[in-house]
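[1] Sequence unavailable; structure follows:
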């Protein structure tokens, strides 16, 4: 195989693998009557802004500082100023982590061959037959979730909610910094709402 074909094959394989990799899917909700353009500063809703969602049995205590840091950096990059005292901020932020184990069952027809009784007129009895069977594949996986909530300080009410979900794999667990950043980026792509 010429070198150019090998290179093309490698690029095609990487492209297909990249297309198979799951990314965070984000959804958003907000109060359409709220004026987000007036926001200039933010803080955390409390000293410990992380909430634990259902399904998280033993949360990693190192997640809170990672998520806090990623959210701070992302909001500052969007032009908001971080202030320590929540009462001096325009909005405060909290976040929730969650996960759940899910099972996916796929059943699909398969063709199987065997020996058995044939049909008359086909070289006699006892010939080869083909029948349709069913193959079932069961797969267990973890669905991870990060939700971010924004509250208006003056009005003391929620004004924005964003959630990112993804099927978590070993690579995500091994590279928590990158996983957290990807989740935060997916969520804050919708903040402020347009």
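    The structure has been received and is ready for your questions. These numbers come from a predicted model, not from an experiment.
[2] OK, contacts around residue 36?
    30, 159-160, 192-193 (CB atoms under 8 Å, 6 or more residues apart in numbering). Glycine gets a C-beta too; all of them are placed from N, C-alpha and C.
[3] Now a PyMOL select for only the buried ones of the residues you listed.
    In PyMOL syntax, the buried subset of those is picked out as below (16 or more other CB atoms under 10 Å):
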select buried, resi 30+159+160+192
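[4] So which of the contacts of residue 36 sit within strands?
    Counting by DSSP state E, the contacts of residue 36 place 30, 159-160 in strands.
[5] Out of the residues you listed, the closest to residue 53 would be?
    Proximity of the ones in strands among the contacts of residue 36 to residue 53 (CB to CB) peaks at residue 160, which lies at 18.1 Å.
[6] quick one: low-confidence parts of the chain?
    Along the chain, the model assigns pLDDT under 70 to residues 1-22, 54-58, 99-108, 110-134, 136-142.
[7] Helices of that one, residue ranges please.
    Using DSSP state H, the helices of the chain run over residues 3-20, 63-77, 170-174, 176-188.
[8] Okay, angle between the second one and helix 176-188 too, please.
    Pointing back at helix 63-77 there. 50 degrees (axes from the mean of the first three to the mean of the last three CA atoms, to 10 degrees).
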